[in-house]
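**Student:** please work out how this folds:
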Amino acid sequence: MCGICGIASSNGPADPERLARMSATLVHRGPDADGVLIDGPVGLAARRLAIIDLQKGDQPIANEDGSIHVVQNGEIYNYRELRADLERAGHHFRTHSDTEVLVHLYEQHGLDFAKQLRGMFAVAIWDSANRQLVLTRDRYGIKPLYYRATDSGLEFASELRALPRGEIDLDALEAFLAFNSIPAPLTIFRETRKLPPGHVLVWHDGVTKLQRFARPGPAPAEDLREDDEAELIEELRARLRDSVVAHLIADVPVGVLLSGGIDSSALAAFAAEASSEPVRTFSIGFEERSFDELDDARLVAERYGTQHRELVLRPDAAHLLPALAEAFDEPFADSSALPTYLVSQLAAQDVKVALSGEGGDELFGGYYTYAADLLALRVGRLARLAQPLVELLPTSRGRASFDYKAKRFVRAAHLPPLERHHGWKEIFSADARAEVTGRRSDFDPVDLLRARFAETEGAELLARLQDVDFGLYLVDDLLVKTDRASMAHSLEARVPYLDPAVTNLAFALPRRHRVRGLRKKVLLRKAVAPLLPERIVRGKKRGFSIPAAAWLRGELEPFARDTLSRDTLRRQGYFRPEAIERLIDRHVAGQEDLSRQLWGLLAFTLWHEHHVEREPGPLSSERVEALVR
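**Tutor:** Numbers count the residues shown, from 1 in each chain. The predicted structure is shown next:
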């Protein structure tokens, strides 16, 4: 795991001082070593978190004659097999690192080299002989890569903080208000873009070209697996075991971020089976009992004799939100980033690598929205008739409460499938966005979902909706959250569900193996049932979510009102103070749960203070002992 950055200049040699400043902002991603290459118009830099070949794996790494150099953020899990093939083809290696495989694989396969890779990666290759810079990002979007192409050249980096700031992209702001995150290729700045997952970008003599090399997605309906269920259960269990074993490859200790849910619990079980020493597990809980899952995590830890550590978060998040704003280089408002940040800090005290369960819900049908999608097909019109009564339900303080889910359901159940699916999760509607910003945009963020949805025509409807989540929500929310929260503490997070061994089967499963009525993750639960306590297998969805609604009606209310004050909002110029005050008042009065909207407004305002109104610099890990016990 590393942080990478670079420059390709169209007007003379690369600026080494500029490259050094870029690299310095990424030290938290790689505190163990740093390296630089300046070769005429191109400069590459890497900050290394040493995981494999601790002694010789520093970057950049070159091929035999020094004509090709590479820097990489990530890990390649099939590097040993690839190395053996390349050695048979005549290539010579100087290290035992996974990164060195990349230069020789590029020599052998050219721009198709990324198709051979099993892993998570953002890679930059400078091919001096052909005068081209090649950037690529893994097919799942696990590792981030930002770039800024102008007439003067190209700059790229693992995080936005290393690149020049610019004018706020109001389309990106619209998307943020709709989703609480910013989907690729947009970034919050107009001139900077995210490299989409599964894409290669080539810069040659000042010209950039973008092409897709991989697009994981659901199988056509006629190609779905119709095997006996018992055979599919055994196959899925074997594929999950294979992926976890691959993700344990490291020359340093590996742990598991254990939420108490089925996804992370299964990872802990497979890791414990494959490890000769006790696995280290890490969990977080809350004083609010409806959100606390430490008891479930302990069941798994006790069953497998893990070295288990945990902490309990108190409702004093006002001290931590500024630290989150500093760690996330772009506006980001998934409130589960807070516990993910803290559990990563806890894990980083013991390990340098941790497994995390992202992807399980999107692949195997774990969200309540999927059951709602199926239910709406039958009762969508009736739900609209019931809406006036449902809207009268009192607002609960509990997690994913009945009233919250019922109101969401009746508001969107009558819409077309994609719009309905988005409606379950929408943060600010178009009208609500216009109310808080005072602007009516021609840009519709849902068009990004529609474009993804259109690519899977011919697949089952539910699979297509899951694919939209897989390609946008997973990539631009969950994986961003996990990457930034873990790397803020120099911890590498690995995601075994996002591996071809697992996804190739998941994408070919008929709907009945994913969602049946209100039952979710049907096949996955059966596959891991022999490994886990029954309470975990039959339990509700788990994750590092927080009691944000209650906090914003209690201890966090003064902080929210202060952060979203009229003076601050007028100074920044993006939101109407009177509209924001009405949102806070409605939420505090219990008239409606607006916690996700308010969390988003807080996230943007704090981000603006840290990354626009100030000069962002190296990230330091904050110790916030007052928040935990």
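
**Student:** pLDDT below threshold where in the stretch 401-550 of the chain?
**Tutor:** Counting by pLDDT under 70, the stretch 401-550 of the chain shows low-confidence ranges at 401-404, 406, 410, 541-545.

**Student:** apologies, that question was intended for the chain.
**Tutor:** Using pLDDT under 70, the flagged stretches of the chain are 1, 288-292, 314-317, 380-393, 395-404, 406, 410, 541-545, 617, 620-629.

**Student:** so for it, which residue is the most central one in space?
**Tutor:** Leu479 (0.9 Å; C-alpha atoms, centre = their mean).

**Student:** contacts only, for that residue.
**Tutor:** Leu479 makes contacts with 140-142, 358, 495, as judged by C-beta atoms under 8 Å, 6 or more residues apart in numbering. The way it works is simple: take the backbone N, C-alpha and C, and place the C-beta from them, glycine included.

**Student:** look up phi and psi at it.
**Tutor:** With angles defined as degrees, to the nearest 10, Leu479 sits at phi -70, psi -30.

**Student:** against Leu154, how distant is it?
**Tutor:** 24 Å (C-beta to C-beta, to the nearest Å).

**Student:** circling back to that earlier point, return the closest of the contacts of Leu479 with respect to Ala430.
**Tutor:** Nearest to Ala430 among the contacts of Leu479, counting by C-beta to C-beta, is Gly141 at 26.5 Å.

**Student:** is the closest one in contact with Leu472, as I believe?
**Tutor:** No: using C-beta atoms under 8 Å, Gly141 is not in contact with Leu472; the gap is 9.6 Å.

**Student:** and those two? which has more neighbours close in?
**Tutor:** Between Gly141 and Leu472, counted using other C-beta atoms under 10 Å, the more crowded position is Gly141 (28 against 22).

**Student:** what sits closest to that one if chain neighbours are left out?
**Tutor:** Nearest residue to Gly141 in three dimensions, chain neighbours excluded: Pro197, at 3.2 Å (C-beta to C-beta, 6 or more residues apart in numbering).

**Student:** the one you found is in contact with Pro144, isn't it?
**Tutor:** No: in this structure Pro197 lies outside contact range of Pro144 using C-beta under 8 Å: 10.1 Å.

**Student:** shared neighbours, the two?
**Tutor:** With C-beta under 8 Å, 6+ apart as the test, Pro197 and Pro144 both reach Arg137.

**Student:** what segments of the stretch 101-250 of the chain are helices?
**Tutor:** Using DSSP state H, counting those that start in this stretch, the helices assigned to the stretch 101-250 of the chain run over residues 170-179, 229-247.

**Student:** what comes up buried for the last one?
**Tutor:** Neighbour-count burial for helix 229-247, with 16 or more other C-beta atoms under 10 Å as criterion, is recorded at 232-233, 236-237, 239-247.

**Student:** reformat those as TSV; add distance to Ser128.
**Tutor:** Below are the buried residues of helix 229-247 laid out as TSV (distance: C-beta to C-beta, whole Å):
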residue	distance to Ser128
Leu232	49
Ile233	51
Leu236	46
Arg237	47
Arg239	41
Leu240	42
Arg241	43
Asp242	38
Ser243	36
Val244	39
Val245	38
Ala246	33
His247	34
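
**Student:** closest to Leu224 among those residues?
**Tutor:** Leu232 (11.0 Å).

**Student:** so that closest one touches His513, yeah?
**Tutor:** Yes: counting by C-beta under 8 Å, Leu232 touches His513, with 6.6 Å between them.

**Student:** okay, and the common contacts of the two?
**Tutor:** Leu523.

**Student:** next up, the contacts around the closest residue to Val495 other than its chain neighbours.
**Tutor:** Distances taken as C-beta to C-beta, 6+ apart put Glu358 closest to Val495, at 4.7 Å, once the chain neighbours are dropped. Going by C-beta under 8 Å, 6+ apart, Glu358 touches 474, 478-479, 482, 495, 497-498.

**Student:** how close does the nearest residue to Leu177 once chain neighbours are set aside sit to Asp447?
**Tutor:** Nearest residue to Leu177 in three dimensions, chain neighbours excluded: Phe428, at 4.3 Å (C-beta to C-beta, 6+ apart). In this view, Phe428 and Asp447 are 16 Å apart by C-beta to C-beta.

**Student:** tell me the contacts of the nearest residue to Thr456 once chain neighbours are set aside?
**Tutor:** Distance criterion C-beta to C-beta, 6+ apart; nearest residue to Thr456, sequence neighbours excluded, is Arg464 at 4.5 Å. Arg464 is in contact with 218, 453, 456-457, counting by C-beta under 8 Å, 6+ apart.

**Student:** can you report how many residues lie near the closest residue to Ala347 other than its chain neighbours?
**Tutor:** Leaving aside its sequence neighbours, Ala347 sits nearest to Phe282 (C-beta to C-beta, 6+ apart; 4.3 Å). Phe282: 29 surrounding residues under other C-beta under 10 Å.

**Student:** Phe282 belongs to a strand?
**Tutor:** Yes: counting by DSSP: H, G, I helix; E, B strand; the rest coil, Phe282 is part of a strand.

**Student:** hmm, back to that, filter the contacts of Arg464 to the buried ones?
**Tutor:** Using 16+ other C-beta under 10 Å, the buried ones in the contacts of Arg464 are 218, 453, 456.

**Student:** is it correct that the last one is in contact with Pro218?
**Tutor:** Yes: the pair Thr456 and Pro218 passes the contact test of C-beta under 8 Å, sitting 5.7 Å apart.

**Student:** common neighbours of those two, please.
**Tutor:** Residues touching both Thr456 and Pro218 (C-beta under 8 Å, 6+ apart): 463-464, 467.

**Student:** measure the residue nearest to the centre of the chain to Ser181 for me?
**Tutor:** In terms of C-beta to C-beta, Leu479 sits 10 Å off from Ser181.

**Student:** next: Thr192.
**Tutor:** With C-beta to C-beta as the criterion, Thr192 and Ser181 are 16 Å apart.

**Student:** between the buried ones among the contacts of Arg464, which is closest to Glu159?
**Tutor:** Nearest to Glu159 among the buried ones among the contacts of Arg464, with distances taken as C-beta to C-beta, is Phe453, at 29.6 Å.

**Student:** skip the chain neighbours and tell me the closest residue to the closest one.
**Tutor:** Excluding the flanking residues, the one nearest Phe453 by C-beta to C-beta, 6+ apart is Leu418, at 5.0 Å.

**Student:** so the one you found belongs to a helix, correct?
**Tutor:** Yes: according to three-state DSSP, Leu418 belongs to a helix.

**Student:** tell me the contacts of it?
**Tutor:** With C-beta under 8 Å, 6+ apart, Leu418 has these contacts: 446, 449-450, 453, 465, 468.

**Student:** farthest pair in those residues?
**Tutor:** Val446 and Leu465 (13.1 Å).
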